[in-house]
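1. got a predicted structure here, sequence first:
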Amino acid sequence: MQFLEDPVLWIAEWLREVLLGWGASELVTNMTLNFLGAFVVGAMIMVIFILLTWIERKAAARFQDRIGPNRVGPFGLIQPIADAVKMLTKEDTRPKGADVVGYVLAPIVSVFSVLMTWAVVPFTQKWIGADLSVGVMYVAAAGSFGIVAVLLAGWSSNNKYSLIGAFRGVAQLISYEVPLFLSLLVPVFLARSMGVNDIITSQTAVLFAIPWLNIPIRGFFVLAAPLSVVIYFISSLAEVGRAPFDLIEAESELVAGYHVEYSGMKFGLFQAAEFLHSFTFAALMALMFFGGWQGPWVGTNNLTGWLLGGFYFMLKTFFFYMMVMWSRLTFPRIRIDQMMNLNWKFMVPVSLVLLMGMPLIDYGLRGQELWLKYLVLFLFNLIVGLIAFAWAARADRRVKTHTRVRFEGRPVAVMPQAPAAAEDETAG
Amino acid sequence: MLLDNWLFVGLLVIVAAGIPAIVLVIARLLAPRKPNDAKLDTYECGMETVGDTWVQFKVQYYIYALVFLVFDVEIIFLYPWAVAFDHLDLLGVIAGVLFIFLLGDGLLYAWRKGALKWN
């Protein structure tokens, strides 16, 4: 095998030979290689986090008409390293009465849950930690650990604001998990497999080729289920707890939510988990609905295989991460009752309707051409989406008129007269 | 090969827990430690904290948790159904759709009962 054909596998093969040459047993060699692989995945995600902080600061600055970090290194590129040094050398206080075990464990669990999800993410066709046959379910299980971290942090800090923030956080996170998993069920259903790589390869099927130009249009699942993509995107915004769903850390009400009492590197780990959660959900969106490493001219077993494939995957992921940031920096925060209503009274029913209709359509068109199936599914999504949005807009209007009538007769606050006694006191 | 995959996941558990733990250890070695009473006090708007921290939570949260539990468990049943969809006959498809319909029915029941109303 040539190095350029697949550098990662080449290095793995070479290491295996070296280890076996040293007289290590098959088991030890396997363990070592897998451990190194796991370490590379984990370290790479942490490096991506460092990059993400810079992107986030720079993009947030541009959205708010500022320049952003530009002092440390060219374009402020070394800023994240300065941040890391600052975080590491900050005093780490532990409040009185805090539960030590829970307090220390919470940030670790929070980062742990994100890193675990990356085991099944294929960067290219070959570069996947573990191509599990239950990939999507594994992601769901590993990602849910973050909720435990939120509750643990809020409970063990010995602070009422933390605890209330944690209550809110858990209510939000578990609620939005329902539409998230319901919409992740759609690609599983369309691919007939839970394996992440299987889902991607089943998106290679050519629907039709543009005549004369001979450009194939591939069946990315976004074409069959656009409404699921919308539901997935909104609920993933809520899952990471960023604006407009940042009720977990509503600073005007709860100081900072469940991590009020955290400082120094422990706070930094929570921050890392939040950034990486957004990034993971962006990556999952690219994998599940937009073909992952698929793209024009991606081959299977040569330079185009890993170089182009990895490039497309990262391009799509960063694009969706940009969208997450965009909505974070644009929308104002919503109220808790609005958030719960949006979830339980809109997104869950809509995903249930989708999940009832799509199997029936699929069964009815069994054995038919693929493009016909995609077309009918697309139209079904469109119709359900239009009806749902029209209905929601009507309900919203009704609520608004209702509220206006109810508050019309209320007295308006009047500026109180300046107390004369107080003035005397200051004068004297 | 299958075992190899799970071996990777098992080793990733160590790595994923190890990376943040090591970072915390480094921070502990580098960071200064000068605790005093004011610094270690519970931060609640700068006032002395009143009463027990572990307050009772709204019963609303509990009801949402119950609804969530029903949904989460039933979604897990739907995943294998979706994977095996090609091998299902009409009866299997109808059964699955009915299952989802009942799920929606349960949601409607909770909605009408006022479980989804935040007050």
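-> Arrived safely.
2. so where's chain B shaky on pLDDT?
-> With pLDDT under 70 as the threshold, chain B has low-confidence stretches at B:1-3, B:45-47, B:119.
3. so where does residue 53 fall, helix or strand?
-> Just going to use chain A. Secondary-structure element containing A:Thr53, defined by DSSP states H and E: helix A:26-63.
4. who are the packing partners of that helix?
-> Of the remaining helices and strands, those touching helix A:26-63 by 3 or more C-beta pairs under 8 Å, 6 or more residues apart in numbering or on different chains; DSSP states H and E are helix A:7-21, helix A:79-88, helix A:100-117, helix A:264-289, helix A:309-330, helix B:2-30. Just so you know, the C-beta spots here come from the backbone N, C-alpha and C atoms, and that holds for glycine as well.
5. now do that helix against helix A:7-21, angle only.
-> Direction vectors for helix A:26-63 and helix A:7-21, defined by axes from the mean of the first three to the mean of the last three C-alpha atoms, to 10 degrees, enclose an angle of 150 degrees.
6. for A:Phe208, phi and psi?
-> The main-chain torsion angles of A:Phe208 are listed as degrees, to the nearest 10 and equal phi -160, psi 160.
7. for the helix holding A:Thr53, buried residues please.
-> Going by neighbour count (16 or more other C-beta atoms under 10 Å in any protein chain shown), the buried part of helix A:26-63 is A:29-30, A:33-35, A:37-39, A:41-42, A:45-46, A:48-49, A:52-59, A:61.
8. if I look at A:Arg71, how far off is A:Phe123?
-> When distances are taken as C-beta to C-beta, to the nearest Å, A:Arg71 and A:Phe123 turn out to be 33 Å apart.
9. more crowded one of those two?
-> Counting neighbours by other C-beta atoms under 10 Å in any protein chain shown for A:Arg71 and for A:Phe123 shows that A:Phe123 has the greater number, 21 against 8.
10. you'd agree that one is up against A:Trp293?
-> Yes: at 7.2 Å, A:Phe123 counts as touching A:Trp293 under the criterion of C-beta atoms under 8 Å.
11. report the distance from stretch B:41-50 to the chain centre.
-> With C-alpha atoms, centre = their mean, to the nearest Å as the basis, stretch B:41-50 stands 30 Å off its chain's centre.
12. is that stretch anywhere near chain A?
-> Yes: when contact is scored as C-beta under 8 Å from any C-beta of the partner chain, part of stretch B:41-50 falls within range of chain A: B:41-45, B:49.
13. picking up where we left off before, relative to A:Leu185, which of the helices and strands packed on helix A:26-63 is closest?
-> helix A:264-289 (10.3 Å; C-beta to C-beta).
14. beyond that closest one, next helix or strand please.
-> Per DSSP H and E, the first helix or strand lying C-terminal to helix A:264-289 is helix A:303.
15. what is the mean pLDDT for that next one?
-> If you average the pLDDT over helix A:303, you get 70.
16. quick one: it to chain centroid distance?
-> On the basis of C-alpha atoms, centre = their mean, the separation between the geometric centre of helix A:303 and that of its chain is 30 Å.
17. what is that helix packed up against?
-> Counting contacts by 3+ C-beta pairs under 8 Å, 6+ apart, helix A:303 packs against no other helix or strand.
18. so where do the helices sit in chain B?
-> Listed in chain order, the helices of chain B (DSSP state H) span residues B:2-30, B:59-83, B:90-112.
19. contacting residues around the residue positioned nearest the centre of chain A?
-> When chain A is reduced to its mean C-alpha position, the closest residue under C-alpha atoms, centre = their mean turns out to be A:Phe281, at 2.6 Å. With contacts defined as C-beta atoms under 8 Å, 6 or more residues apart in numbering or on different chains, the neighbours of A:Phe281 are A:236, A:239-240, A:320, A:324.
20. what do you get if the cut-off is 7 Å, keeping everything else the same?
-> A:236, A:239-240 (C-beta atoms under 7 Å, 6 or more residues apart in numbering or on different chains).
21. how about the residues of the stretch 201-350 of chain A by chain B?
-> Contact residues, the stretch 201-350 of chain A versus chain B (C-beta under 7 Å from any C-beta of the partner chain): A:255, A:260-261, A:264-266, A:269, A:336-337, A:340, A:344-345, A:348-349.
22. quick one on the thing from earlier: got the contacts of A:Phe281 as CSV, with secondary structure and distance to A:Phe75 columns?
-> Converted to CSV, these look like this (DSSP: H, G, I helix; E, B strand; the rest coil; distance: C-beta to C-beta, whole Å):
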residue, secondary structure, distance to A:Phe75
A:Ser236, helix, 29
A:Glu239, helix, 31
A:Val240, helix, 26
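23. if I pick B:Val25, what's in contact with it?
-> By C-beta under 7 Å, 6+ apart, the contact set of B:Val25 is empty.
24. next, count neighbours for A:Ile387.
-> Number of residues near A:Ile387 (other C-beta under 10 Å) recorded here: 12.
25. just the element for it, please.
-> Here A:Ile387, judged by DSSP H and E, is contained in helix A:370-407.
26. please name every helix or strand in contact with that helix.
-> Using 3 or more C-beta pairs under 7 Å, 6 or more residues apart in numbering or on different chains; DSSP states H and E as the contact definition, the elements that helix A:370-407 packs against are strand A:206-210, helix A:221-224, helix A:226-240, helix A:348-364.
27. what's the most distant pair in the residues of stretch B:41-50 next to chain A?
-> In those, two members sit farther apart than any others by C-beta to C-beta. They are B:Asp41 and B:Cys45, at 11.6 Å.
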